[in-house]
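Trainee: I'll drop the sequence and a predicted model, then ask my questions.
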Amino acid sequence: MTSDPAPISVIGLGPMGQTMTRCLLKAGHEVVVWNRTPSRAEGVVAEAPVSRPPPARR
């Protein structure tokens with residue numbers, strides 16, 4: 001068993017999702033973000049090292 005915690009996923013980067021993501025990053029958590037409109041994630045991604053999952057295949 002590893003002691004590294006799993007990353008926290010945030011789905012939806014509206015005002016609340018962006019605020020939560022910034023707070024989690026400030027607290028030192030690894031965060032994975034996803035938003036239906038990718039451009040909404042650009043601000044958070046530019047500010048800190050967050051991960052974005054690859055696009056789903058249809």
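Mentor: Structure received. Not measured: the values here are computed from a predicted model. Numbers count the residues shown, from 1 in each chain.
Trainee: quick one: low-confidence residue ranges for this protein.
Mentor: 1-3, 51-58 (pLDDT under 70).
Trainee: what segments of it are helices?
Mentor: 15-26, 42-47 (DSSP state H).
Trainee: out of these, which gets nearest to residue 7?
Mentor: helix 15-26 (9.6 Å; CB to CB). Glycine gets a C-beta too; all of them are placed from N, C-alpha and C.
Trainee: residue 8 pairs with what?
Mentor: In this entry, residue 8 is beta-bridged to residue 31, by DSSP bridges.
Trainee: what about the residue positioned nearest the centre of the chain, distance to residue 23?
Mentor: Central residue of the chain (CA atoms, centre = their mean): residue 33, 2.6 Å from the mean position. To residue 23, residue 33 is 13 Å away according to CB to CB, to the nearest Å.
Trainee: list the contacts for the residue nearest to the centre of the chain?
Mentor: 9, 10, 11, 13, 17, 21, 41, 44, 45, 50, 51, 52 (CB atoms under 8 Å, 6 or more residues apart in numbering).
Trainee: now tabulate the helices of the chain in TSV and tack on mean neighbour count and distance to residue 4.
Mentor: Formatted as TSV, the helices of the chain follow (neighbours: other CB atoms under 10 Å; distance: least, CB to CB, whole Å):
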stretch	mean neighbour count	distance to residue 4
helix 15-26	15	16
helix 42-47	14	22
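Trainee: export those helices to JSON lines and append columns for distance to residue 5.
Mentor: Formatted as JSON lines, these follow (distance: least, CB to CB, whole Å):
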{"stretch": "helix 15-26", "distance to residue 5": "11"}
{"stretch": "helix 42-47", "distance to residue 5": "20"}
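Trainee: how many neighbours does the residue nearest to residue 29 when sequence neighbours are not counted have?
Mentor: Closest residue to residue 29 apart from its sequence neighbours, by CB to CB, 6 or more residues apart in numbering: residue 8 at 5.3 Å. Using other CB atoms under 10 Å, residue 8 has 15 other residues around it.
Trainee: with residue 32 instead?
Mentor: With other CB under 10 Å as criterion, residue 32 counts 15.
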